[in-house]
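Q: this is the structure alone, sequence omitted:
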């Protein structure tokens, strides 16, 4: 199984799980987990992230398994942060939002969408390692996952912006399946938006939403026939997809739609479309003079939705439609006109709250963006721009932290100076000197452990902190660094070497004191001819080419660390 096959299979299963019976959905969840196990054995970060998403999404789409998606989403978020996969990290936040809607935590869901959109706003340059087409596809997928939550919550203006961005991301390379998905999503959004506008008596605007939805429903016919969605060959899309049939019916209610809508209402259908099919069917039945049947459809739907908390806005649409048709002025059998008027007033207040939701989303989105910018600025303030190493400010913070940590003891501290660097600047150029500094910094960093800290101290000086390193271990590590620099090709190093002063932090010693001792030891190495390591108070420097078997260093601070 190739990596591409695994991703393709996961996409097919994701499309299928949306229209299958519960036992088959459970089988797909198990298959997704098998694919995930295989990708985790392979260890390719992008592949693992994509299958984590597929495994979590399959659970969100399967009744009773939404809670099981949480640990996979947590793992996906941690994994994408660790490997710098920005688009899939945004998608993890979007899917978290979807999970929070199912848990009736709408405010928290909006916060997750704001986080996702802030990441996507800052992720506009494709990763060449991923490829432009895959990058665009992942961007579109993350945006669609954001859109789903916004649509569920009825924040349609923001949803329209997001679905438009998703379309732009794949407009040049979209497959028939992706085109179909875009059209389905836009139709669902427009129908929900139109019904929402009716609730505040904006009927002209609502009719325009229905008209556009109907035209998109007709346009979906071609790509649907080539999509990955389970479908019956030779049967028009409008006879298989409830949202498409509802769009035609809501645009022009009439008896001609009833048989098709009844068939779709009683079938499985796609997620989140049964309610809008019920409303469309009720309007067509009412238009045909069959109001009692229309009321029965709406009452049955409302009862079925009692346990469905994933679509708060659509639940209100169904309730409003029922109140609109059931005008019997009897509290036992239906709503009176006065109750309908009261509901309309409440809807106007809810419309104001909806506008507040949009403002909250935009404010949180901007906050997340500014927080990310602040983090980047803070990172820059602690980084030397020439070498990419921590700068002196970062060194001071790290030294203070390590000196107070018992786990970091013994702590070796070394001051590194470049021999012959002034001649490079004088005889070559400062630009060439900068190149030498970058090469030496990289070589020094590569010669040491991952936990060791290498910082640029200023000019051609570096500081190395080796936490938990006894004198002998620190001496060996820095010896490798001295040798590595000395063996660099001349056109890279121009012959510079390292003089290193090495000491160990003493109890209660301040940062300036330990650095002063390291500086004195470094000058001892300089006086010995450079290209070597010396310890404070040493009378003789230790050349790099005689590391094995030399005498123990004479720094008194090492006395307790070295075996006698």
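A: Looks like it came in fine. Source: prediction; values computed, not measured.

Q: isn't residue 484 up against residue 446?
A: Yes. Between residue 484 and residue 446 there is a contact under C-beta atoms under 8 Å: 7.4 Å. Glycine gets a C-beta too; all of them are placed from N, C-alpha and C.

Q: these two: which is more packed in?
A: Between residue 484 and residue 446, counted using other C-beta atoms under 10 Å, residue 484 has the larger neighbour count: 16 against 11.

Q: at the geometric centre of the protein, which residue sits there?
A: residue 89 (1.4 Å; C-alpha atoms, centre = their mean).

Q: pull out the buried positions in stretch 429-447.
A: Within stretch 429-447, the residues that count as buried by 16 or more other C-beta atoms under 10 Å are 433, 435-437, 439-441, 443-445, 447.

Q: among those, which lie within helices?
A: Assigned to helices by DSSP state H, the following of those qualify: 433, 435-437, 439-441, 443-445, 447.

Q: name the element residue 40 belongs to?
A: helix 22-42 (DSSP states H and E).

Q: roughly how far out does the helix or strand that comes right after that helix sit from the chain middle?
A: Next helix or strand after helix 22-42 toward the C-terminus (DSSP H and E): helix 45-60. Its chain's C-alpha centre and that of helix 45-60 lie 12 Å apart, by C-alpha atoms, centre = their mean, to the nearest Å.

Q: for the record, mean pLDDT for the following helix or strand past helix 45-60?
A: Downstream of helix 45-60, the next assigned helix or strand under DSSP H and E is helix 69-82. Helix 69-82 shows an average pLDDT of 90 in the prediction.

Q: tilt between helix 69-82 and helix 45-60?
A: 160 degrees (axes from the mean of the first three to the mean of the last three C-alpha atoms, to 10 degrees).

Q: buried residues, helix 69-82. List them.
A: 69-70, 72-73, 75-77, 79-80.

Q: dump those residues into TSV; add distance to residue 239 as well.
A: Below are the buried residues of helix 69-82 laid out as TSV (distance: C-beta to C-beta, whole Å):
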residue	distance to residue 239
69	33
70	38
72	36
73	36
75	41
76	37
77	41
79	42
80	40
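
Q: just the closest of the residues you listed to residue 281, please.
A: Nearest to residue 281 out of the buried residues of helix 69-82 is residue 69 (C-beta to C-beta; 32.2 Å).

Q: what's the helix or strand for the residue nearest to residue 172 when sequence neighbours are not counted?
A: Of all residues not flanking residue 172 in the chain, residue 136 sits nearest, at 7.9 Å (C-beta to C-beta, 6 or more residues apart in numbering). Secondary-structure assignment from DSSP H and E places residue 136 in helix 132-152.

Q: and the next helix or strand past that helix?
A: Assigned by DSSP H and E, the successor of helix 132-152 is helix 156-170.

Q: got a list of contacts for that following helix?
A: Contact with helix 156-170 is made by 117, 120, 136-137, 139-140, 143-144, 146-147, 150-151, 178, 182, 185-186, 189, 192-193, 196, 358, 361-362, as judged by C-beta atoms under 8 Å, 6 or more residues apart in numbering.

Q: check stretch 80-96 too.
A: 45-46, 49-50, 53, 56-57, 60, 69, 73, 76-77, 79, 112-113, 115-117, 119-120, 122-123, 135, 138-139, 141-142, 145-146, 148-149.

Q: got a quick ChimeraX command for the buried subset of those?
A: Those of these that count as buried under 16+ other C-beta under 10 Å are selected in ChimeraX with:
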select :46,49,50,53,56,57,60,69,73,76,77,79,112,113,115,116,117,119,120,123,135,138,139,141,142,145,146,148,149
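
Q: secondary structure class for residue 498?
A: strand (DSSP: H, G, I helix; E, B strand; the rest coil).

Q: any idea how far residue 414 is from it?
A: 10 Å (C-beta to C-beta, to the nearest Å).

Q: repeat that for residue 521.
A: 8 Å.

Q: give me the common contacts of these two.
A: 500-503.

Q: tell me which element the residue nearest to the centre of the chain falls in.
A: Applying DSSP H and E as the criterion places residue 89 in helix 86-102.

Q: can you name the next helix or strand after that helix?
A: helix 106-121.

Q: quick check: angle from that following helix to helix 156-170?
A: Using the same axes, to 10 degrees: helix 106-121 against helix 156-170 is 30 degrees.

Q: what packs against helix 106-121?
A: helix 86-102, helix 132-152, helix 337-381 (3 or more C-beta pairs under 8 Å, 6 or more residues apart in numbering; DSSP states H and E).

Q: now with 10 Å?
A: helix 86-102, helix 132-152, helix 156-170, helix 337-381 (3 or more C-beta pairs under 10 Å, 6 or more residues apart in numbering; DSSP states H and E).

Q: mind putting the ones you listed into CSV with distance to residue 240?
A: As requested, those are exported to CSV (distance: least, C-beta to C-beta, whole Å):
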stretch, distance to residue 240
helix 86-102, 25
helix 132-152, 21
helix 156-170, 22
helix 337-381, 33
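
Q: show me what contacts the residue nearest to residue 172?
A: 87, 126, 130, 166, 168-174, 178 (C-beta atoms under 10 Å, 6 or more residues apart in numbering).
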